[in-house]
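Trainee: just the structure for this:
(4 chains)
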There are 2 protein chains.
Amino acid sequence: MIVEPVRDRRAERHQATRTEILEAAWELARAHGLAALTLRDVATKIGTRPPSLYWYFHSKHAIYDAMFADANRQLLERIAKQAWPDDPREAMRLLAHVVVEFSTADVARYQLMFQRTIPDFEPSAESYALALEVLEQGRQRFHAAGLADPADFDLGAAVMAGLSAQQTANEPGGDRWVRLVDDAVDMYLDHVFSKTAGGRRQP
Amino acid sequence: MIVEPVRDRRAERHQATRTEILEAAWELARAHGLAALTLRDVATKIGTRPPSLYWYFHSKHAIYDAMFADANRQLLERIAKQAWPDDPREAMRLLAHVVVEFSTADVARYQLMFQRTIPDFEPSAESYALALEVLEQGRQRFHAAGLADPADFDLGAAVMAGLSAQQTANEPGGDRWVRLVDDAVDMYLDHVFSKTAGGRRQP
DNA sequence: GTCTATATCCAGATAGAC
DNA sequence: GTCTATCTGGATATAGAC
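Mentor: Modelled structure (predicted):
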């Protein structure tokens, strides 16, 4: 009779090496640019040869795809672990800080998630579903703050995207735009709440 | 005695071919992605062989650099030819439309100007000066609208950048964020003018 | 000015030994 | 699972004939 093992040590080892490959890829992307990533460099970094990587990923794009999924999972986790305030303004402030700081903390990750830097890369359906989940979580945060209009969401997302884009492109690693987050949220909320009766202004 | 020719036909021809190369490069960048540009494709498109391009540009990066300069000149021209209204709100609306529509009209151009897509590309001092001139023109527009605070400029630029970034990344060619421009400008101006005594709200 | 030929190097990917 | 060897194809760039 065949006994199903509780833990599959081989699968665990396989997964561990996959993770190691991805971590090397992230480091290289951060250091030399997302588009400059090569399998040769990844292999060298983890002490193997390029063909060995194909045991874990069937192509270079599959690595990008796993990185894309990874990045979205990181952001989902970041969102999930916050204690979201009931006050709409506080909650939106927190959301904006989470998003902008996440975006500006790693330019390569930001490019992979939010820009179309790699000419042929399209995320797989599974990875793209994670990106949609990020979007959905964002929408829920807006909704919880009393903002249900899709156009309001688009405008709010654009404000966060704008701060992130300016910071990463013009002063990567700095905080010239990051420190405008609270002011930007006030600007945004004053505007969208003034169209309804909902909001309160901070004293 | 040597007669200085009024027109240098050879130089004109040289310049015309340079322009032809750049136009081919733009078309290819738009079609296949900025990072996917190759000298082979550029040469083929204008009916020559790759080595011939070196008569006009001493490297591939020199082509990117000329494209970068070209893009900034285009935007400067676009800014210069507008009839700028005296009314601050009207002027800022126009500026935002010019910037966002320019950005979203050509994703490759947008990436080259405002994102760090090509890993090793740094514009030359001459080309970068044009980018600074674009920035300076923007600052002057803000100043003319009564906005002299550098942080106000950064926030306003971020709003325009955010709409552009979202539009190019999530719906290239569409207008889901472009059509939020007027609303975004109102949001921004109401905010910055409310901090001083300056502004007027549109009826 | 444009070409052929080539240098040099590198990429991603596969076959098959071990 | 990892390797060597190799395929295939591409890149940028240069030398030198014409």
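Trainee: how many neighbours does A:A125 have?
Mentor: The local packing of A:A125 (other Cβ atoms under 10 Å in any protein chain shown) involves 7 other residues. Heads up, the C-betas are built off the backbone N, CA and C, glycines and all.
Trainee: look up how far A:F68 lies from it.
Mentor: 12 Å (Cβ to Cβ, to the nearest Å).
Trainee: then A:A145?
Mentor: With Cβ to Cβ as the criterion, A:A145 and A:F68 are 28 Å apart.
Trainee: identify the residues contacting the helix ranked longest in chain A?
Mentor: Among the elements of type helix in chain A, defined by DSSP state H, the one spanning the most residues is helix A:9-32. When contacts are defined by Cβ atoms under 8 Å, 6 or more residues apart in numbering or on different chains, helix A:9-32 is touched by residues A:36-37, A:41-42, A:45-46, A:53, A:56-57, A:63, A:66-67, A:70, A:106-109, A:112, B:119.
Trainee: how about the nearest residue to A:V181, chain neighbours excluded?
Mentor: On the basis of Cβ to Cβ, 6 or more residues apart in numbering or on different chains, the spatially nearest residue to A:V181 that is not a chain neighbour turns out to be A:A96, at 5.0 Å.
Trainee: was I right to think A:L39 contacts A:T48?
Mentor: No - under the criterion of Cβ atoms under 8 Å, A:L39 is not in contact with A:T48, lying 10.3 Å apart.
Trainee: who has more neighbours, the two?
Mentor: A count of neighbours by other Cβ under 10 Å puts A:L39 above the other of A:L39 and A:T48, at 19 against 16.
Trainee: residue numbers of chain A in contact with chain B?
Mentor: A:32-36, A:107, A:111, A:114-120, A:151, A:154-155, A:157-163, A:165-166, A:168-169, A:172, A:176-177, A:180, A:183-184, A:186-188, A:190-191, A:194 (Cβ under 8 Å from any Cβ of the partner chain).
Trainee: let's see which of those residues end up in helices.
Mentor: Among the residues of chain A next to chain B, the members falling in helices are A:32, A:107, A:111, A:114, A:151, A:154-155, A:157-163, A:165-166, A:168-169, A:183-184, A:186-188, A:190-191, A:194 (criterion: DSSP H).
Trainee: for burial, what's the neighbour tally of A:R139?
Mentor: Burial of A:R139 is recorded as 16 neighbouring residues (other Cβ under 10 Å).
Trainee: from A:P88, how far off is A:A144?
Mentor: Counting by Cβ to Cβ, the gap from A:A144 to A:P88 is 8 Å.
Trainee: more neighbours: these two, which one.
Mentor: A:P88 (19 against 15).
Trainee: so the more buried one sits against A:L189, correct?
Mentor: Yes - checked against Cβ under 8 Å, the pair A:P88 and A:L189 is within contact range at 7.1 Å.
Trainee: would you mind listing which of the ones in helices among the residues of chain A next to chain B are buried?
Mentor: Among those, those classed as buried by 16 or more other Cβ atoms under 10 Å in any protein chain shown are A:107, A:111, A:114, A:154-155, A:157-163, A:165-166, A:168-169, A:183-184, A:186-188, A:190-191.
Trainee: any residues touching stretch A:129-143, and which ones?
Mentor: Under the contact criterion Cβ under 8 Å, 6+ apart, stretch A:129-143 has outside partners A:68-69, A:72-73, A:75-76, A:79-80, A:84, A:91-92, A:95, A:99, A:113, A:123, A:148, A:152-153, A:156-157.
Trainee: ok, 10 Å please
Mentor: Judged by Cβ atoms under 10 Å, 6 or more residues apart in numbering or on different chains, the contacts made with stretch A:129-143 from elsewhere in the structure are A:68-76, A:78-80, A:82, A:84, A:88, A:91-92, A:94-96, A:98-99, A:113-114, A:123, A:147-150, A:152-153, A:156-157, A:160, A:192, B:170.
Trainee: ok, and the closest non-adjacent residue to A:S124?
Mentor: Taking Cβ to Cβ, 6+ apart as the measure, A:S124 lies nearest to A:D65, with 5.2 Å between them; neighbours along the chain are not counted.
Trainee: so what's that neighbour scoring on pLDDT?
Mentor: On the pLDDT scale, A:D65 is placed at 98.
Trainee: show me what contacts the residue in chain A that chain B sits nearest to?
Mentor: Of all residues in chain A, A:G162 sits closest to chain B, at 2.4 Å by Cβ to the nearest Cβ. Shown here is A:G162, whose contacts under the criterion Cβ under 10 Å, 6+ apart are A:100, A:177, A:180, A:184, B:155-166, B:184.
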